[in-house]
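[1] Coordinates for the following, if possible.
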Amino acid sequence: MIFNIIGLAAFSHLAVEFFTSHLEINTKPFSCNLCMGFWVSLFPLVIQYGNDGFLAAALTGVTSEAIYRILNRL
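    Alright, predicted model coming up:
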């Protein structure tokens, strides 16, 4: 499960960077790492893990936001 969370968090961070810089879409789910991480991972994780997938999706959003903050600090 941890590899799913880290992988989906990294993917959602890359998706947010793509949407905001290349496509210039600045609406809420596409410009927020936490939101994008949650929505990208919600359906795959709920299908794979059942009710525990909701918690894993929330953790994915938080991990994506942490990746964003760490990269901006560098």
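[2] Quickly find the element holding residue 65.
    Element membership for residue 65 (DSSP states H and E) is helix 52-73.
[3] Show me how far that helix is from its chain's centre.
    How far helix 52-73 lies from its chain's middle: 6 Å, per CA atoms, centre = their mean, to the nearest Å.
[4] same for that helix, what does it pack against?
    If you count contacts as 3 or more CB pairs under 8 Å, 6 or more residues apart in numbering; DSSP states H and E, helix 52-73 packs onto helix 2-21, helix 33-49. Backbone N, C-alpha and C define where each C-beta goes, glycine included.
[5] could you give the mean pLDDT of it?
    In this model, helix 52-73 has an average pLDDT of 94.
[6] residues contacting the closest residue to residue 71 other than its chain neighbours?
    Distance criterion CB to CB, 6 or more residues apart in numbering; nearest residue to residue 71, sequence neighbours excluded, is residue 13 at 7.8 Å. Each residue near residue 13 by CB atoms under 8 Å, 6 or more residues apart in numbering is listed here: 33, 36, 37, 64, 67, 68, 71.
[7] and the first one, how many neighbours?
    Same thing as residue 33. Residue 33: 22 surrounding residues under other CB atoms under 10 Å.
[8] ok, it touching residue 60?
    No: the pair residue 33 / residue 60 is not scored as a contact, 10.2 Å apart, by CB atoms under 8 Å.
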